[in-house]
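>>> pasting the sequence and the predicted model now:
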Amino acid sequence: MEFKRHIKLFTLIILTAVIMGCASAIFLQSLEYVTNFRMSHYQLFYLIPLIGVATAFIYNNYGKGSQRGNNLIIESTHKETKVPVRMAFLTFIFTVLTHLVGGSAGREGTAVQIGGTVTNKLANIFKLDRKDKKTLIMVGISSAFGSVFGTPLAGTFFGVEVCFVGKLSYESIFPCFIGAYVADYVTSFFGIKHSIHSIISVPNITIYTLVITIISACIFGVVGKLFSRSIKFLKKMYSSKIKNYLLRALISSFIVLIIIVIFNFYEYGGLSTWLIDAGFNGTSSIGDSVKKFILTVLTLASGFQGGEVTPLFDIGASLGGAIGQIAHIEPSLLAALGLICVFGSATNTPIATIMLGIEMFGDRAIPYYIISVLISYYIGEHNSIYGAQVIETPKKSKYLKDKGYSIEEILK
């Protein structure tokens with residue numbers, strides 16, 4: 001019986017990885033197409049209010065809880081939670097529409113929701129027990145992250161780390177490893193290429209570079225913390241001031257459009273991965289990261305679909321590159337640290353974040369990764385873009401009372 005159980009779980013892991021690899025390939029190709037189309041048809045930005053209202057209407061009337069997004073997937077690893085199959089289709093369609101009209105959002109949220117939906121459904125069909133179901137859902141998360149970013153090692157640890165604060169689900173590491181690498185292979189099989197950025201040179205650790213690294217890590221941690229708090233604050237404000245959900249969607253979407261038009265934020269819409277390039281090239285400014293931060297917070301607080309991770313990469317890399325220019329330290333190093341640290345601070349995933357740095361930029365800067373990631377993680381405190389994360393190991397002794405509660409529950 002135990003042998004059959006392992007064979008069934010292994011088969012479902014491979015099936016999940018193949019499905020996610022295919023889904024990520026289709027999704028990434030779709031995003032590339034609509035991004036290129038929008039860049040040659042800037043009038044599409046004026047459809048932002050229409051898509052905002054359509055998103056609100058469909059999710060409110062037909063979503064069946066899908067609007068909880070990644071938090072619903074994370075919650076399903078903690079307890080028995082109904083994850084509607086339609087979530088996968090809705091998030092795919094409306095994320096593509098968000099990018100078509102220039103909303104500032106990412107892509108990992110969509111991939112994770114698809115992976116979580118697929119694995120919840122497979123686990124129910126094949127009647128997995130609670131332990132194996134939890135493992136399979138984490139495999140779905142790892143497969144999604146690994147294939148959509150081309151980072152299967154980081155994807156492995158993201159899947160076993162993102163559901164908690166201060167805990168790794170060790171029993172799921174090997175299944176997540178298999179799922180992430182198979183999914184990434186399948187996505188690559190379809191010809192999907194991921195952007196490559198390199199750290200030009202890594203300076204020796206001196207008192208000066210160490211001080212700049214620590215100061216930068218503190219800044220990155222604060223930015224990640226402010227990002228998650230700002231989205232939560234703005235959503236709460238919109239809900240309290242505008243009771244009608246359609247009117248709320250219309251007004252908040254119009255605010256996004258007005259900001260884009262008045263301040264000429266067109267190039268900060270969509271994925272805006274040029275900001276990462278600018279950070280590594282040493283041509284970004286602090287203003288670039290501020291603009292992307294504002295537009296992303298406004299977009300996601302308005303209910304548009306997508307993810308937060310790519311915008312976090314943009315914000316962190318452009319901010320880091322700017323700090324590198326000011327401090328006269330290789331901008332590409334600070335851009336790399338900014339990219340991973342803002343992400344890590346906002347997601348509470350320090351191990352996955354260090355692995356992300358190694359996988360994306362090589363191992364030459366490992367001491368810098370570790371120092372900056374741990375500091376920014378600590379600075380981020382108990383905040384996260386994923387409110388369903390359950391705190392297993394509080395970051396500070398004064399937060400011991402938070403143990404066992406989700407971030408959503410703590411911040412209510």
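Cool, the structure landed.
>>> do you know how far Phe37 is from Lys225?
35 Å (C-beta to C-beta, to the nearest Å). (Each C-beta comes from the backbone N, C-alpha and C, glycine too.)
>>> neighbour-wise, which of those two wins?
Lys225 (20 against 12; other C-beta atoms under 10 Å).
>>> the more buried one sits in which helix or strand?
Counting by DSSP states H and E, the element that carries Lys225 is helix 207-241.
>>> quick one: name whatever helix or strand follows that helix.
helix 245-262.
>>> which residues are contacting that following helix?
45-46, 48-49, 51-53, 55-57, 60, 102-103, 238-239, 242, 265-266, 268-269, 294-295, 298-299, 301-304 (C-beta atoms under 8 Å, 6 or more residues apart in numbering).
>>> Ser198: what secondary structure?
Three-state call for Ser198 (DSSP: H, G, I helix; E, B strand; the rest coil): coil.
>>> now for it: which residues touch it?
280, 332, 361-362.
>>> of those residues, just the buried ones, PyMOL syntax please.
Provided next is the PyMOL selection string for whichever of those are buried by 16 or more other C-beta atoms under 10 Å:
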select buried, resi 280+332+361
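>>> of the contacts of Ser198, closest to Ala25?
Using C-beta to C-beta, Phe361 comes nearest to Ala25 of the contacts of Ser198, at 24.2 Å.
>>> distance of that closest one from Leu275?
From Phe361 to Leu275 the distance is 16 Å (C-beta to C-beta).
>>> could you do Met39 as well?
In terms of C-beta to C-beta, Met39 sits 15 Å off from Leu275.
>>> neighbour count for those two, which is higher?
Neighbour tally, Met39 and Leu275, criterion other C-beta under 10 Å: the higher count belongs to Leu275, 28 against 14.
>>> so the more buried one sits right up against Ile286, yeah?
No - here Leu275 lies out of contact with Ile286, judged by C-beta atoms under 8 Å, at a distance of 11.9 Å.
>>> picking that back up, how far off centre is the helix holding Lys225?
15 Å (C-alpha atoms, centre = their mean, to the nearest Å).
>>> quick one, it and helix 245-262 angle?
140 degrees (axes from the mean of the first three to the mean of the last three C-alpha atoms, to 10 degrees).
>>> show me the strands in the stretch 301-412 of the chain, by range?
390-391 (DSSP state E, counting those that start in this stretch).
>>> state which helix of this protein is the longest.
Identified as the longest helix of the chain according to DSSP state H is helix 2-39.
>>> output the contacting helices and strands for that one.
helix 86-100, helix 108-125, helix 130-149, helix 173-189 (3 or more C-beta pairs under 8 Å, 6 or more residues apart in numbering; DSSP states H and E).
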